[in-house]
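Asker: what shape does this take:
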Amino acid sequence: MTNIENLYAIILAGGSGTRLWPLSRELYPKHLLKLPNHDTLFKTTVKRLKKFVPASNLVFSTNTKLASDIRLQLTELDNYNYNLITEPDVKNTAPAIALSVLYIIKKLSANNSDPLILIIPSDHVINDEQKFEEAIQKGVRLAEKGHIVTFGVKPQKLDTGYGYIIAEESNVAKFKEKPDLEEAKKLIEQENCYWNCGIYLFRASIFLHELEKYSKETIDILKSCEFSDEMPTVPYQCYKDVPEISIDHAVMEHSQNIALIPLECGWQDVGSWEELHELVEKDSNNNFIQGDVIDLESENSFIYGTSKLISTIGLKNTVIIETEDAILACDKNRTEDVKQIFGLLKNRNDLTSQVHKTVYRPWGFFTVIQEGEGYKIKIIQVNPGAKLSLQMHHRRSEHWVILAGEALVTRYEEVHSLKPGESIDIPLQAKHMLHNPGKSELRIIEVQNGEYLEEDDIVRFEDIYGRVT
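Answerer: Here you go, the predicted model:
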């Protein structure tokens, strides 16, 4: 594949973690997961796009809560210089896309004031990359003529998890956002019906014109926002007033200037456990089984364990997902309803909707063992030779007790060498760093105290993993 001249790509890397719960969470959505028999969907998307889009023209759109993990995965790909746009609040796809388009115009495309821009989610599977590039090439030719190009996939089954497009020749007649079952049945009977896969291609000026025409408030607010010098983002006070609206509702359902290109490249959304079951390799009984599982005579099931023994007998068409703090069991035909469970958890402020108890980092991992009002207790394990970033917290203090191994702790300008049984306090706003200089794992207990104890209360000054903002 060769680079497509003057093409930029905006990779949407936000997400809520609802549909593959409990493996995905609000702070760790599906494109960041290493799925069975696959790399992360995010990394796979980057590798695919780099084959025909210059690396300097890749722009990643996410929010402040996910920015650290996105930056980490880019680092693991040996990519330190990509453009990462962070939204200060989650506002759906229209503001995220518009913000990134404005960034490209203002910061990246000095020699091309009206660039071609490809919008693509980071959580799709493309099985035939050659056909995918050919479809993009066709889209480029239509976008150069002034169209907003959308890419559609012929429905393979009855599914209410997708938006639908009804097309007339090359012009899109109607967008339908995730219909109910009866309407979906009527739609897929039409020859000119496609799933909306959320991939778009346009000239920047055309998109901004249509956005101003149909969602003027969105673009007017964003045009008034200035990008910060520290990292590509805009002030929260500006962004908080932007309407929360999808690109389909803001533009695609209204515009008369849309062209459709069928996408025939083995596209899969992996939007549910049922769809993931179709993607992975299965045994002779059409089961996918991973983890500590003992099974007797189950069929057509997806059984995934991470920490406990799972024993199953005679299951049919069933999904079982076990994580350290949650278990999902459901009929495989109802995996779209997982997002309803996620919503119930979120409504009652259950932390299992937000984050795993054990969170892996490039230096090791931490496990939350207890938390309550004003405190959180973690076990932190640091790999031999690894170190955490030099950092500080605005809203919490910490107390560290060494359980095993040797710790070098930087606090302010001093370095302390600590052994098992010894401890140290990290005051509010103190610059600090934890380093394991030994050849065995370092394990500590961390007790956090403060009014706010979430992971985004962190300012990094130095980091060997490229996560400094």
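
Asker: and this structure, what are its domain boundaries?
Answerer: 7-268, 275-338, 357-462 (automatic domain parsing).

Asker: return the most buried member of those.
Answerer: domain 7-268 (a mean of 18; mean count of other CB atoms under 10 Å). All C-beta atoms are positioned from the backbone trio N, CA, C, and that covers glycine.

Asker: any idea how far it is from the middle of the chain?
Answerer: Relative to the chain's own centre, domain 7-268 is displaced by 12 Å; criterion: CA atoms, centre = their mean, to the nearest Å.

Asker: now that domain: mean pLDDT?
Answerer: Throughout domain 7-268, pLDDT has a mean value of 87.

Asker: on that earlier part again, can I get the domains of the chain in CSV with distance to R348?
Answerer: Formatted as CSV, the domains of the chain follow (distance: least, CB to CB, whole Å):
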stretch, distance to R348
domain 7-268, 14
domain 275-338, 14
domain 357-462, 16
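
Asker: between the ones you listed, which one is nearest to K346?
Answerer: Nearest to K346 among the domains of the chain is domain 7-268; the distance by CB to CB comes to 7.5 Å.

Asker: first residue to last residue on that closest one, what's the distance there?
Answerer: Counting by CA to CA, to the nearest Å, you get 24 Å between the two ends of domain 7-268.

Asker: against G438, how distant is E406?
Answerer: Per CB to CB, to the nearest Å, E406 is found 5 Å from G438.

Asker: same thing with K357?
Answerer: Using CB to CB, K357 is found at 26 Å from G438.

Asker: circling back: out of the domains of the chain, which gets nearest to D350?
Answerer: domain 275-338 (9.2 Å).

Asker: now the closest one: average pLDDT?
Answerer: For domain 275-338, the per-residue pLDDT averages 95.

Asker: my read: L328 touches I321, true?
Answerer: Yes: when contacts are counted by CB atoms under 8 Å, L328 is listed as touching I321 (4.4 Å).

Asker: quick check, Q137 in a helix?
Answerer: Yes: with DSSP: H, G, I helix; E, B strand; the rest coil as the criterion, Q137 is located in a helix.

Asker: can you pull the contacts of it?
Answerer: Counting by CB atoms under 8 Å, 6 or more residues apart in numbering, Q137 makes contact with I4.

Asker: tell me where this structure has helices.
Answerer: Assigned by DSSP state H, the chain shows helices spanning 41-49, 67-76, 93-103, 129-144, 181-188, 204-214, 216-223, 236-239, 247, 273-279, 338-347.

Asker: of those, which approaches P384 most closely?
Answerer: Counting by CB to CB, P384 lies closest to helix 67-76 out of these; the figure is 19.0 Å.

Asker: for this structure, which strand is longest?
Answerer: Taking DSSP state E as the criterion, the chain has its longest strand at strand 193-203.

Asker: okay, now the sheet partners of that one, with direction.
Answerer: strand 116-121 (antiparallel), strand 148-153 (antiparallel), strand 163-168 (antiparallel) (DSSP bridges).

Asker: kindly state the beta-bridge partners for the residue lying closest to E446 once chain neighbours are set aside.
Answerer: Distances taken as CB to CB, 6 or more residues apart in numbering put K378 closest to E446, at 4.5 Å, once the chain neighbours are dropped. Beta-bridge pairing of K378 under DSSP bridges involves V368, E446.

Asker: which ones are touching K378?
Answerer: Neighbour list for K378: 366-369, 445-446, 448 [criterion: CB under 8 Å, 6+ apart].

Asker: from the residues you listed, which two are the most distant?
Answerer: T367 and Q448 (13.5 Å).

Asker: without its sequence neighbours, what residue ends up closest to S272?
Answerer: For S272, the closest residue by CB to CB, 6+ apart turns out to be T335, at 4.1 Å.

Asker: how much space separates E144 from R25?
Answerer: 41 Å.

Asker: I meant E406, not that one.
Answerer: Distance, E406 to R25, using CB to CB: 33 Å.

Asker: also L49?
Answerer: Separation of L49 from R25 (CB to CB): 26 Å.

Asker: do R467 as well
Answerer: Taking CB to CB, one finds R467 at 19 Å from R25.

Asker: do D425 as well
Answerer: D425 is 31 Å from R25, where distance means CB to CB.

Asker: and what of I166?
Answerer: 35 Å.

Asker: is the closest residue to N285 other than its chain neighbours in a bridge, and if so with what?
Answerer: Sequence neighbours aside, E299 is the residue nearest to N285 in space, at 4.8 Å (criterion: CB to CB, 6+ apart). On the basis of DSSP bridges, E299 is bridged to K316.

Asker: pretty sure E299 contacts F288?
Answerer: No: E299 sits out of contact with F288 when judged by CB under 8 Å, with a separation of 11.7 Å.

Asker: which ones are touching K431?
Answerer: Taking CB under 8 Å, 6+ apart, we find K431 in contact with 390-392, 410-412, 461.

Asker: and which of those is nearest to Y304?
Answerer: Nearest to Y304 among those, counting by CB to CB, is Q391 at 33.7 Å.

Asker: now that closest one: closest residue in space that isn't a chain neighbour?
Answerer: Using CB to CB, 6+ apart, the closest residue to Q391 is R460 (5.0 Å).

Asker: could you do S255 as well?
Answerer: Leaving out its chain neighbours, the residue that sits closest to S255 by CB to CB, 6+ apart is E210, at 4.9 Å.

Asker: that neighbour: what's it in contact with?
Answerer: Residues counted as contacts of E210 (CB under 8 Å, 6+ apart) are 148, 251, 254-255, 257.

Asker: those: which two are farthest apart?
Answerer: Pairwise across those, and taking CB to CB, the largest span is found between I148 and H254, at 11.0 Å.

Asker: if we can go back for a sec, isn't the residue nearest to S272 right up against I321?
Answerer: No: using CB under 8 Å, T335 makes no contact with I321, being 9.9 Å away.

Asker: now do the shared contacts for those two.
Answerer: Here T335 and I321 share the contacting residues W273, scored by CB under 8 Å, 6+ apart.
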